[in-house]
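>>> Pasting the sequence and the predicted model now:
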Amino acid sequence: MSVGADRRITNQPVSFAHPGGSLDMVERRIELDRRYHRKEKMRKLKKKLATATGEARDKILYKIKRLSPFWTEAALKQAETGNAPPAAPKEEKKRPAPKKKM
């Protein structure tokens, strides 16, 4: 198999860092592609959810939950309005009193 043939099969650039021109970071690229695809799919489903009613809405919610189990409709409403939940006020750390020199 020639280098050009390898490029056509994987659709990725060939690396000559290793003997035989093996591909670098194959697993990482696959993970990233999955993540990007998932994000795009979520965007499309959320857009459909905004206009869906009844049984169609339930189907879309099912698909969203399958992709992202921890997602809630409250998150969608916050994203639409741009309001983030109020952050808890941070408590200041108290410093101990300085030691007196003798």
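Received, thanks. Numbering: from 1, shown residues only.
>>> Check which helix or strand Asp58 maps to.
Counting by DSSP states H and E, the element that carries Asp58 is helix 54-67.
>>> Let me know the average pLDDT across whichever helix or strand comes after that helix.
The helix or strand immediately downstream of helix 54-67 is helix 73-81, counting by DSSP H and E. For helix 73-81, the mean per-residue pLDDT is 76.
>>> Next, the angle from helix 73-81 to helix 54-67.
Counting by axes from the mean of the first three to the mean of the last three CA atoms, to 10 degrees, helix 73-81 lies at 100 degrees to helix 54-67.
>>> other SSEs contacting helix 73-81?
The helices and strands touching helix 73-81, judged by 3 or more CB pairs under 8 Å, 6 or more residues apart in numbering; DSSP states H and E, are helix 26-51. No exception for glycine: its C-beta is placed from N, CA and C like everyone else's.
>>> name the helices or strands packed onto the helix it packs on?
Under the contact criterion of 3+ CB pairs under 8 Å, 6+ apart, helix 26-51 touches helix 54-67, helix 73-81.
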